[in-house]
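Asks: Quick one, structure for this:
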Amino acid sequence: MKKTVFRLTAVLLAVLSAFAVAEGILRFVPSVPGQGVSTVTAGDFARIPGIHAPGQSLVDRSDPGLPYQVTVNRWGYRGEDFPLAKPEGELRILLVGDSFTYGAFVDDSSTLPVQLERQLEDACGPATVINAGLGGSTIVGQAALALRGLRASPDLVLLMFYENDVQDLTHPLWPQLESNREVKSRPPLSWVYPVARRTALWNLLLKVRAKARNRAGKSAQAIWDRDADSVVTSLRREYTDRLYALHDSLAQKEVPLAVAVYPSHHSVWDSTLNGQLEWLADMLSAREIPWWDFSPVLRESALPDTSLYFLPLDGHPRPIGYRMAADSLSDWLLEQDAVARLCGRNDVERERATS
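Replies: Numbers count the residues shown, from 1 in each chain. Coordinates of the predicted model:
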């Protein structure tokens, strides 16, 4: 018995030593990503409306060349904390979308939701724009986050459309997150996960998994290119059905839906998105869903792609791109009924307070 205990102890110590050595080496390898933002466990998912593990504050180094400051509030959304119960007179918008909404590679203060909130506060008074962005998501996860976010009593749900959202339906992220939540919430992983997620080894595994997902995306691209007409038609039909279902579910709760389009750097200066936009416009008009396109605003700036996006390192927008988008989006939103009514009441109240 003593020999067995001794051997098990020796094996455990050897494994821990090997782990410590590997961890120490990996922390000095530039290509190994540092800690990134974690998603919720099964327990948190049942408790809060957001998708990111609450209470995080870190410099995200998942891409070592583009570190950025991230804060996740108690509700699992990126950004500063806010009361879940909406205060009287506050304009509240739930902004859902992918990494362009979340704000990959920009600090908390430069994301589109934060910059939009500032613009709306200046024009309308108290406002909260909730960042329900999830990198890699499409309408499957975005619709789920929109419905979960109704707990925050938004006056409007604004969905950000990006040109790969239709194609991403070939391998949606949301079901994978569900599986991950269950795995990391059960022993033995649940015992070590809080510590493991902060290690270089864990983040290296996540990088390997992300590459596998990218390969799946390239396979989907090959199918997309080979059978473009049939695949595009099928996926657009699925996207339409899912978006209409979201619209109808929100309408039952008397919460309007609007859509905004943020183009990639490929599409700002050429017409590759025209077919996609024409389809999107027709689909949204059929349900009288208002929408806004940032392309003209970015194009009219006459700024080079490298100023608007993190090129050549990455294709996500820089803060200046988000600022221009927020300026134009706030003007457009102030013309929408759900926002205009509330802002009108706030204007009357401000006039009464100063008279």
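Asks: pLDDT below threshold where in the stretch 151-300 of the chain?
Replies: Across the stretch 151-300 of the chain, the ranges flagged by pLDDT under 70 are 188-228, 271-274.
Asks: Next: the stretch 1-150 of the chain.
Replies: Per-residue confidence of the stretch 1-150 of the chain (counting by pLDDT under 70) places the weak regions at 1-35.
Asks: where do the strands sit along it?
Replies: For the stretch 1-150 of the chain, the strands defined by DSSP state E, counting those that start in this stretch occupy 57-60, 68-71, 91-97, 127-133.
Asks: Just give the nearest non-adjacent residue to residue 73, would you?
Replies: Sequence neighbours aside, residue 81 is the residue nearest to residue 73 in space, at 4.2 Å (criterion: CB to CB, 6 or more residues apart in numbering). For glycine as for every other residue, the C-beta is placed from the backbone atoms N, C-alpha and C.
Asks: quick one: the one you found from residue 155, how far?
Replies: To residue 155, residue 81 is 20 Å away according to CB to CB, to the nearest Å.
Asks: Next: residue 294.
Replies: Using CB to CB, one gets 22 Å for the distance from residue 294 to residue 155.
Asks: cool, residue 162 as well?
Replies: Here residue 162 is placed at a distance of 24 Å from residue 155 (CB to CB).
Asks: what does residue 275 give?
Replies: With distances defined as CB to CB, the gap from residue 275 to residue 155 amounts to 33 Å.
Asks: one step back: neighbour-wise, which of residue 294 and residue 155 wins?
Replies: residue 294 (24 against 19; other CB atoms under 10 Å).
Asks: What does the pLDDT read for the closest residue to the more buried one other than its chain neighbours?
Replies: Residue nearest to residue 294 in three dimensions, not counting chain neighbours: residue 325, with 4.7 Å by CB to CB, 6+ apart. Here the pLDDT value assigned to residue 325 is 97.
Asks: cool, the one 4 residues further on as well?
Replies: In this prediction, residue 329 carries a pLDDT score of 97.
Asks: The one 10 residues further on too?
Replies: In the prediction, the pLDDT value recorded for residue 339 is 93.
Asks: Tell me how many other residues surround it.
Replies: Other residues near residue 339 come to 24 when the count uses other CB under 10 Å.
Asks: Just give the nearest non-adjacent residue to it, would you?
Replies: residue 333 (4.8 Å).
Asks: just so I know, which of the strands of the stretch 1-150 of the chain lies nearest residue 339?
Replies: Comparing the strands of the stretch 1-150 of the chain against residue 339 with CB to CB, the closest turns out to be strand 91-97 (6.4 Å).
Asks: Within the sheet, what are the partner strands of that closest one, with directions?
Replies: Strands flanking strand 91-97 in the sheet, each with its direction: strand 127-133 (parallel), strand 156-161 (parallel) (DSSP bridges).
Asks: between those strands, which one is nearest to residue 167?
Replies: Put simply, out of these the one that sits nearest residue 167 is strand 156-161, at 12.4 Å, with distance taken as CB to CB.
Asks: outside of that closest one, which residues touch it?
Replies: Applying CB atoms under 8 Å, 6 or more residues apart in numbering, the external contacts of strand 156-161 come out as 93-98, 100-101, 112, 133, 139, 142, 146, 149, 243, 246, 250, 255-262, 280, 291, 333, 336, 338-339.
Asks: Mind checking which of those are in helices?
Replies: Judged by DSSP state H, the subset of the contacts of strand 156-161 located in helices is 100-101, 112, 139, 142, 146, 243, 246, 250, 280, 333, 338-339.
Asks: mind listing the helices for the stretch 151-300 of the chain?
Replies: Using DSSP state H, counting those that start in this stretch, the helices of the stretch 151-300 of the chain run over 174-184, 189-196, 200-226, 228-252, 274-286, 295-300.
Asks: Can you show me the CA trace of the fifth one as PDB?
Replies: Right, helix 274-286. Coordinates of the C-alpha atoms in helix 274-286 are reproduced here as PDB (Å, rounded to 0.1, in the frame of the first residue of the first chain):
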ATOM      1  CA  ASN A 274     -23.900  45.000 -53.300                       C
ATOM      2  CA  GLY A 275     -25.600  41.700 -53.800                       C
ATOM      3  CA  GLN A 276     -25.600  40.900 -50.100                       C
ATOM      4  CA  LEU A 277     -26.900  44.400 -49.300                       C
ATOM      5  CA  GLU A 278     -29.700  44.200 -51.900                       C
ATOM      6  CA  TRP A 279     -30.800  40.800 -50.400                       C
ATOM      7  CA  LEU A 280     -30.600  42.200 -46.900                       C
ATOM      8  CA  ALA A 281     -32.600  45.300 -47.800                       C
ATOM      9  CA  ASP A 282     -35.300  43.300 -49.400                       C
ATOM     10  CA  MET A 283     -35.500  40.800 -46.600                       C
ATOM     11  CA  LEU A 284     -35.700  43.600 -43.900                       C
ATOM     12  CA  SER A 285     -38.200  45.700 -45.900                       C
ATOM     13  CA  ALA A 286     -40.500  42.700 -46.000                       C
END
